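Engineer: Here's my sequence, what's the structure:
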Amino acid sequence: MVNFLLVMKVCSVLDGTCLPEKKVSYHDTWFECARAGTVETLVLMNDIGEDLINRNKLYISFGCKVSKEA
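Structural biologist: Residues are numbered from 1 along each chain as shown. I've put the predicted structure just below:
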């Protein structure tokens, strides 16, 4: 069965680097994965906090990868 793996990473515009990609969750459909990525991005931004994000010019990217695991 094919699943979709949500992966996320935090990057800084200041120095052009990103933390290693993190596996977050598996989903049955592309839609569910993309929706989860959008929600998890907001959750992670709130966890990191406005001050740290502004100070380091951080952004979060996510993607959905086809996976046969789960």
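Engineer: Give me the most central residue, this protein.
Structural biologist: When CA atoms, centre = their mean is applied to the chain, the residue found nearest the centroid is Met8 (2.5 Å).
Engineer: how many other residues sit next to the nearest residue to that one once chain neighbours are set aside?
Structural biologist: Leaving aside its sequence neighbours, Met8 sits nearest to Phe62 (CB to CB, 6 or more residues apart in numbering; 4.5 Å). Glycine gets a C-beta too; all of them are placed from N, C-alpha and C. Neighbours of Phe62 under the rule other CB atoms under 10 Å: 19.
Engineer: contacting residues for Phe62?
Structural biologist: Going by CB atoms under 8 Å, 6 or more residues apart in numbering, Phe62 touches 6-9, 24, 37-38, 40-41.
Engineer: Let me see the confidence value for Lys68.
Structural biologist: Note on Lys68: pLDDT of 81.
Engineer: and the spatially closest residue to it that is not a sequence neighbour, how far is that from Thr17?
Structural biologist: Nearest residue to Lys68 in three dimensions, chain neighbours excluded: Val2, at 6.4 Å (CB to CB, 6+ apart). Val2 sits at a distance of 32 Å from Thr17 (criterion: CB to CB, to the nearest Å).
Engineer: same deal with Lys23?
Structural biologist: Taking CB to CB, one finds Lys23 at 20 Å from Thr17.
Engineer: Have a look at the two and say which one is more surrounded.
Structural biologist: Set Lys23 next to Thr17 and count neighbours by other CB under 10 Å: Lys23 wins out with 12 against 9.
Engineer: Walk me through which strands the strand or helix carrying Lys65 pairs with, and which way each runs.
Structural biologist: Assigned by DSSP states H and E, Lys65 falls within strand 58-67. When pairs are called by DSSP bridges, strand 58-67 turns out to pair with strand 3-12 (antiparallel).
Engineer: Give me the residues contacting the partner strand.
Structural biologist: Outside strand 3-12, the residues that reach it (CB under 8 Å, 6+ apart) are 17-30, 32-33, 36-37, 40-41, 44, 48, 56-70.
Engineer: Please name every helix or strand in contact with the longest helix belonging to the chain.
Structural biologist: Counting residues, the longest helix found in the chain (DSSP state H) is helix 30-48. Here helix 30-48 touches strand 3-12, strand 22-27, strand 58-67, going by 3 or more CB pairs under 8 Å, 6 or more residues apart in numbering; DSSP states H and E.
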